[in-house]
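K.L.:
got a predicted structure plus its sequence, pasted below:
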Amino acid sequence: MKKLVFRIPATALLAAGLIAICVTPVAWIAPGLQVLYVLPLAYAYWVLRNRTTVTEERIVARGVFRTTTLEWSEVRSIRLVQKGWLRAVREDASEVVLPAVRFMHLPALSVVSGGRVPDPTVVEEEPEEVTDEVTGDVNGESSADAVEEAPGKSVQSEK
């Protein structure tokens, strides 16, 4: 069974660490400001929790507060929203956000879904016409008789 998990890259956790470092001087100015450490913890939780799992049977979109499971039969289409994010459109026209899935993931989504989601990057090629091209030198010499000369040096060919 094919399974693909789309998630926010783990390197985003470096930002949580940076936020914690930047909050430290402010958090220790007055009692009670240590609550500011909740910000980097909440961001780290968001990075770790948001993901979309796609299999041949279903899509599981996991957000911060809820998880939505969609069977492929419930999905009418995939909609592209601003900044390249994707949403699944249900049969009743409601939309489900697909966390961490972007436009660039459509080819992989097409493969895992078994073709239920069309791949927009595939272009059908038309058969090319067969043409005979004759190449020759500008001076009318064939490529076998042409001799390349370097500036300042003479080159002799044997005939």
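P.N.:
Noted; the coordinates are in hand. Numbers count the residues shown, from 1 in each chain.
K.L.:
for the spatially most central residue of the chain, give its distance to residue 83.
P.N.:
Centroid-nearest residue in the chain: residue 104, 3.3 Å away (criterion: C-alpha atoms, centre = their mean). According to C-beta to C-beta, to the nearest Å, residue 104 stands 12 Å off from residue 83. No exception for glycine: its C-beta is placed from N, CA and C like everyone else's.
K.L.:
then residue 107?
P.N.:
Residue 107 is 19 Å from residue 83, by C-beta to C-beta.
K.L.:
more neighbours: those two, which one.
P.N.:
Higher neighbour count among residue 107 and residue 83: residue 107, with 12 against 7, using other C-beta atoms under 10 Å.
K.L.:
now what about the helix or strand that contains the more buried one, what contacts it?
P.N.:
Here residue 107, judged by DSSP states H and E, is contained in helix 106-112. Here helix 106-112 makes contact (C-beta atoms under 8 Å, 6 or more residues apart in numbering) with 2-4, 54-56, 78, 86, 101, 116-122.
K.L.:
among those, which are in strands?
P.N.:
Judged by DSSP state E, these include 3-4, 54-55, 78, 86, 101 as members of strands.
K.L.:
ok, of the residues you listed, which come out buried?
P.N.:
For the ones in strands among the contacts of helix 106-112, a neighbour count by 16 or more other C-beta atoms under 10 Å gives the buried set as 54-55, 78, 86, 101.
K.L.:
redo those as a markdown table? Include distance to residue 10.
P.N.:
Formatted as a markdown table, these follow (distance: C-beta to C-beta, whole Å):
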| residue | distance to residue 10 |
| --- | --- |
| 54 | 19 |
| 55 | 22 |
| 78 | 26 |
| 86 | 21 |
| 101 | 17 |
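K.L.:
residue 42: which of these is nearest?
P.N.:
Nearest to residue 42 among those, counting by C-beta to C-beta, is residue 101 at 22.2 Å.
K.L.:
pretty sure that closest one contacts residue 86?
P.N.:
Yes. Using C-beta atoms under 8 Å, residue 101 makes contact with residue 86 at a distance of 4.6 Å.
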